[in-house]
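Visitor: Give me a model of this one.
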Amino acid sequence: MASRQGTVAGNPRHWRMASWSPGCQIAAGVGDAGTAVTSPRPTPVAGELVLGIDAAWTAHQPSGIALVRRQGESWRCVALAPSYASFMALADGIAVDWSARAQGSKPQMSALLRAAERLSDGRIDLIAFDMPLSKEPIGHRRQADRVVSRIFGNRGCAVHSPTLQRPGAIADSIRQDLEVCGYGLQTVAAQPGPGGLIEVYPHVALLALLESKYRVPYKVSRSLQYWRNEQLSVNERIGRLLEEFGRIRDGLAQQIQDINLPLPQSTEVQSLSALKPLEDCLDALVCAWVAIEHLQGRTRGLGDASAAIWCPTAAFPEERAQQA
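Guide: Next up, the predicted model:
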């Protein structure tokens, strides 16, 4: 599900091809078995640094990382990278080589946090993960998955079911390691605030960010399905994907400054797989944006006491109706 040009803010790299609180209002009801499915609406909490991670469900695939800091009334991107290894290398002053294929690795959360602290000269306040996370071992479809699919499925944003194999042990290990580091998983039974870990879902987040009525078609692996009826060539699908990437980047740029993620011309891209690092970086930035929204009290958690998927309030149909 890892759905990434690595940069440190102010040092862009050119594209190279080879290459929550008392008084809060309850926002929804209960689930089929009487368990809570939506958190109270949280109130804003303090926080200056967020980390967005588009985590791969397997160790051999890379994961996108975005580090974002509050600066006055705005937020800016501090660092962006297409893998755990390249993000940690940024902390050592080594720019991401975008002509090289991003490599997957087993996530080492303590090392990743140390790198983030070196890059930002501060402690991370909130981490947002695009990966199924739970206080119980993951091996089946969760209440969070069912609720998100029920609410957003008609807009093309149902979620995949996690299994023992994917992400299974990787997700359990990440959650446990981050808990040891002081980042407990926030569920609908928790009091949201800084110093925590939340699960997010970029597809739903993009409904809010881009005010889209339906799932945004930007996933490289699904490009054939998106435009099947048009029978587009690979080059044409690359062009369509880059158009969607541009829309997402422009939407994010309204919320986060200094996003140094230049997009190539379609003629410069040799294959669909060459776009995957860009997709992963965008997903990581979307995760970071949801973390910002969470700190500002503009998210709802869907799930139960074991797991929750946090979604921007603007994605919910009733919110859109009130704003219209």
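
Visitor: which residues does residue 127 bridge with?
Guide: Counting by DSSP bridges, residue 127 forms beta bridges with residue 51, residue 197.

Visitor: That one is in contact with residue 195, isn't it?
Guide: No: distance between residue 127 and residue 195: 9.4 Å, which falls outside the contact criterion (C-beta atoms under 8 Å). From N, CA and C alone the C-beta is placed, and that goes for glycine too.

Visitor: hey, what's in contact with both of these two?
Guide: With contacts defined as C-beta atoms under 8 Å, 6 or more residues apart in numbering, the residues adjacent to both residue 127 and residue 195 are residue 183.

Visitor: Looking at those two, which one has more neighbours?
Guide: Residue environment comparison for residue 127 versus residue 195 gives the larger neighbour count to residue 127, 26 against 16, counting by other C-beta atoms under 10 Å.

Visitor: Let me see the contact set for that one.
Guide: Residue 127 makes contact with 50-53, 178, 183, 196-198, 291, according to C-beta under 8 Å, 6+ apart.

Visitor: any idea how far it lies from residue 37?
Guide: Taken as C-beta to C-beta, to the nearest Å, the spacing of residue 127 relative to residue 37 amounts to 23 Å.

Visitor: returning to that earlier point: can you add pLDDT, neighbour count and distance to residue 267 and give the contacts of residue 127 back as CSV?
Guide: Listed next are those as CSV, based on pLDDT from 0 to 100; neighbours: other C-beta atoms under 10 Å; distance: C-beta to C-beta, whole Å:
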residue, pLDDT, neighbour count, distance to residue 267
50, 97, 30, 36
51, 98, 27, 35
52, 98, 30, 30
53, 97, 30, 32
178, 96, 22, 42
183, 95, 22, 43
196, 91, 24, 44
197, 95, 23, 41
198, 96, 25, 39
291, 96, 31, 36
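
Visitor: Rebuild the residues you listed as JSON lines, extending it with distance to residue 240.
Guide: Formatted as JSON lines, the entries for the contacts of residue 127 read as follows, by distance: C-beta to C-beta, whole Å:
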{"residue": "50", "distance to residue 240": "30"}
{"residue": "51", "distance to residue 240": "30"}
{"residue": "52", "distance to residue 240": "25"}
{"residue": "53", "distance to residue 240": "27"}
{"residue": "178", "distance to residue 240": "36"}
{"residue": "183", "distance to residue 240": "37"}
{"residue": "196", "distance to residue 240": "37"}
{"residue": "197", "distance to residue 240": "34"}
{"residue": "198", "distance to residue 240": "31"}
{"residue": "291", "distance to residue 240": "29"}
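
Visitor: which one of those residues sits closest to residue 248?
Guide: residue 52 (13.3 Å; C-beta to C-beta).

Visitor: does the closest one really touch residue 292, like I thought?
Guide: No: shown here, residue 52 and residue 292 do not form a contact pair, counting by C-beta under 8 Å, at 9.2 Å.

Visitor: Is the closest residue to residue 314 other than its chain neighbours in a helix, a strand, or coil?
Guide: Across the structure, with C-beta to C-beta, 6 or more residues apart in numbering as the measure, the residue nearest residue 314 apart from its sequence neighbours is residue 208 (3.8 Å). Per DSSP: H, G, I helix; E, B strand; the rest coil, the local secondary structure of residue 208 is helix.

Visitor: Test for you: state the pLDDT assigned to residue 208.
Guide: Residue 208 carries a pLDDT score of 98 in this model.

Visitor: For the stretch 101-250 of the chain, which residues score under the pLDDT cut-off?
Guide: Low-confidence regions of the stretch 101-250 of the chain, defined here as pLDDT under 70, cover residues 190-194.

Visitor: Which stretches in it count as strands?
Guide: Residue ranges of the strands in the stretch 101-250 of the chain, as given by DSSP state E, counting those that start in this stretch, are 126-129, 184-185, 196-200.

Visitor: That concludes my questions; thank you for your assistance.
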